[in-house]
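[1] Predicted model, plus sequence, below.
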Amino acid sequence: MKQFKRKGLFFCVVAALAMLSCMKSYAQNYSVSTNAAQWLMLGTANIQAGYPAARHISIEGGFAYNPFTFGKKPDRKYFRRTEVYAGGRYWPWFVNSGWFMSAYADWAKFAYAGIFTKKAYEGYAYGLKIGGGYALMLDKGINLEMGLGAFAGEARYTEYSCATCGKDLGKKEKFIIAPASILLGLTIVF
């Protein structure tokens, strides 16, 4: 499991360094944002930072964390995770305005149970997260971002029969394609 964890982190670091190596220096349009939809998803704290690499391209990186468990035995619900991602967005008009397409190298450690199933899952995943959306300029320096994304990559996890009993149903490793995010974010542009 540690080898898988290192492999996923290495994947994200290499992707971030490759993107950083081709950046130009601009003194405007840096951005910091948070996704309200993730906060509503059982309290997942998240932050994302962006840097304009060109008129139509921004380099992005982010982090999400959720340590919470809700409910009492046997009806516990949780979507605990630690996620790190790095990538970029293409903006047809210009950075931080209008429509965008995004692609990110993504690594996550997760544990979830009681949501859509009685079973529990715990493990790691890494791969590519792609998406798109729209950034609506509310005021100078403040944007409302809306969008959707999907994840494609490898997941290694252990499946349990329930959230509290701990009965191990086996370890699994598979390629997955799944919905990844709903974006309803507030962005501050510097």
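    Cool, got the structure. What you see is a predicted model, and the numbers here were worked out from it, not measured in a lab. Numbers count the residues shown, from 1 in each chain.
[2] What count of nearby residues applies to S33?
    23 (other C-beta atoms under 10 Å). C-beta coordinates here come from the backbone N, C-alpha and C atoms, glycine included.
[3] ok, it - contacts?
    I47, Q48, A49, G50, N143, E145, G185, L186, T187, I188 (C-beta atoms under 8 Å, 6 or more residues apart in numbering).
[4] and the nearest residue to the second one once chain neighbours are set aside, how far is that from P52?
    Closest residue to Q48 in three dimensions, ignoring its sequence neighbours and counting by C-beta to C-beta, 6 or more residues apart in numbering: G62, at 3.5 Å. Distance, G62 to P52, by C-beta to C-beta, to the nearest Å: 16 Å.
[5] higher neighbour count, the two?
    P52 (24 against 20).
[6] roughly how far apart are the more buried one and N46?
    21 Å.
[7] In a strand, Q38, correct?
    No: per DSSP: H, G, I helix; E, B strand; the rest coil, Q38 lies outside any strand segment and is helix.
[8] who are the neighbours in contact with it?
    The contact partners of Q38, taken as C-beta under 8 Å, 6+ apart, are T44, A45, N46, A64, S181.
[9] 6 Å instead?
    By C-beta atoms under 6 Å, 6 or more residues apart in numbering, the residues touching Q38 are T44, N46.
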